[in-house]
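Trainee: 3D, please:
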Amino acid sequence: MKKDNDHKTAIIIPAYNEEKRVGAVLDVVTKTPLADEIIVVDDGSTDGTAEIIKRYLGVKLVSRESNGGKGAALKSGIEATDADILVFLDADLVGLTPQHIQNLIDPLLSDEELMMTVGKFSGGRFRTDISQSLVPFISGQRALKRAFLEDMPDISTTGFAVELIFTKHAKDSGAKVKEVALDDATHIMKEEKLGFFRGLMARLGMYADMIEHLFPRRK
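Mentor: Here you go, the predicted model:
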């Protein structure tokens, strides 16, 4: 564990039915020297995700009774810690290293004005690389200062649009943001997890979340 600065850092990982993948991410995260806390939010999983998490000593498991979506899971993780630097990582990452995590955190420690870093896949897989090049604001790999969350809209009902909320809040508040390359890292596509049809439906649902928050309906 790190002790070379006065900042408390928590890594928060939302997980839903990730028993096959979350262990590989935790193998890396638990070796990260800058992490004071590691929190995994099991967002109402129906598989063995929670049992995998329990195998890792020192990892805090936050269990949600039902699946509330990514925004709700992140909010639960944020409320479970008093850390002033929060790192968000997906539970299905491939190629993650402790250096990637350090690269997300270090700029926040060295620049008082910087409020958030956003990870961008590079050199991992063509489809995920090109996706993040086209829409970098959807990256789930981020580190931010707790102060950044002040006056931010509630994220508990945002689902997969939660990253859009972070990005929009940064723009609206004039917060300083830095993009960080995550070389050789990527994640598993929904179509690979669920099969083509179910994965496609899940992807369309994710895009629907984003569109709803980009273009909210007038009441």
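
Trainee: mind showing which ranges of the chain have poor pLDDT?
Mentor: Scanning the chain with the threshold set as pLDDT under 70 gives 1-5, 123-137, 189-219.

Trainee: can you give me the strands in it?
Mentor: Ranges of strands in the chain, per DSSP state E, are 9-15, 37-43, 59-64, 85-88, 93-94, 114-122, 142-145, 176-183, 186-187.

Trainee: Redo those strands as TSV? Include distance to Gly23.
Mentor: To be clear about C-beta, it is placed using only N, CA and C from the backbone, and glycine gets the same treatment. Shown next, in TSV, are the strands of the chain (distance: least, CB to CB, whole Å):
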stretch	distance to Gly23
strand 9-15	10
strand 37-43	11
strand 59-64	11
strand 85-88	18
strand 93-94	12
strand 114-122	21
strand 142-145	22
strand 176-183	20
strand 186-187	15
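
Trainee: do you know which of the ones you listed lies nearest Ile105?
Mentor: strand 142-145 (5.2 Å; CB to CB).

Trainee: returning to that earlier point: any chance of the strands of the chain in JSON lines with mean neighbour count as columns?
Mentor: JSON lines is the format used below for these (neighbours: other CB atoms under 10 Å):
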{"stretch": "strand 9-15", "mean neighbour count": "26"}
{"stretch": "strand 37-43", "mean neighbour count": "25"}
{"stretch": "strand 59-64", "mean neighbour count": "17"}
{"stretch": "strand 85-88", "mean neighbour count": "25"}
{"stretch": "strand 93-94", "mean neighbour count": "21"}
{"stretch": "strand 114-122", "mean neighbour count": "21"}
{"stretch": "strand 142-145", "mean neighbour count": "23"}
{"stretch": "strand 176-183", "mean neighbour count": "16"}
{"stretch": "strand 186-187", "mean neighbour count": "22"}
